[in-house]
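>>> what shape does this take:
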Amino acid sequence: GSTISVNVNSGGATSSGIEVDATAYITDRFSIRGAIALINPEYKNGVRDGEVFSPCGELVGTRVIVSGCSSLVGGNQLARTTATQIALNVNYSIPDVIGDFEFYARGDYSYQESNYNLSLNQANQGDINLLNLRLGLVNERIEISAWVDNVLDEKWNRRVTVAPSVGDGAPLSGVQQMRM
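Down below sits the predicted model:
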């Protein structure tokens, strides 16, 4: 079988903050762009996350109680949501280097503060720093480019999903345990 997950916007969370974006054109050929977002994403008090009922042993008929685990997530940071994000872009170009082709060099950096993959706020994946570089030639019809993504070789989890596990001694039916 398959697991069905349902997301409902029930007003059980708040997310407020500020975002600023600016571009500086240093010369006709050189520009820098930066953006920052600062938010306070959290679940409201009294909110229960149905995705973690079973792993926390809160479903009727479950036999495993997980110490310190509760589907009450009020005050926790929203799952998969970071409080701070920063982006920086540097772009340099030279027109008509070969016929009508423009040369460009570009660097993109992004920072994402650590976040939690689940509403329980137990598994923190740490900060993410990504740097991408691109060089190329472009005209109205053709673009030739070379690029390197993730220059810093950063590793991170895009998502952690609650899934049934019998590897931790749970019975085959009735109880799911969380493995990360």
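>>> what is the neighbour count of Asp28?
For Asp28, the neighbour count with other C-beta atoms under 10 Å is 8. C-betas here are computed from N, CA, C, even on glycine.
>>> quick one: contacts for Ala13?
With contacts defined as C-beta atoms under 8 Å, 6 or more residues apart in numbering, the neighbours of Ala13 are 41-44, 47, 78.
>>> which strand residues bridge it?
Ala13 has the following beta-bridge partners by DSSP bridges: Tyr43.
>>> show me what contacts the residue lying farthest from the centre of the chain?
Computed with C-alpha atoms, centre = their mean, the maximum C-alpha offset from the centroid of the chain is found at Gly99, amounting to 42.1 Å. By C-beta under 8 Å, 6+ apart, the residues touching Gly99 are Asn139.
>>> again, only this time at 10 Å
Residues near Gly99 by C-beta atoms under 10 Å, 6 or more residues apart in numbering: 137, 139.
>>> next: Asp21.
Asp21 makes contact with 33-37, 87, according to C-beta under 10 Å, 6+ apart.
>>> redo those as a markdown table? Include distance to Arg106 and secondary structure.
What follows is those, written out as a markdown table (distance: C-beta to C-beta, whole Å; DSSP: H, G, I helix; E, B strand; the rest coil):
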| residue | distance to Arg106 | secondary structure |
| --- | --- | --- |
| Arg33 | 10 | strand |
| Gly34 | 14 | strand |
| Ala35 | 16 | strand |
| Ile36 | 20 | strand |
| Ala37 | 21 | strand |
| Ala87 | 13 | strand |
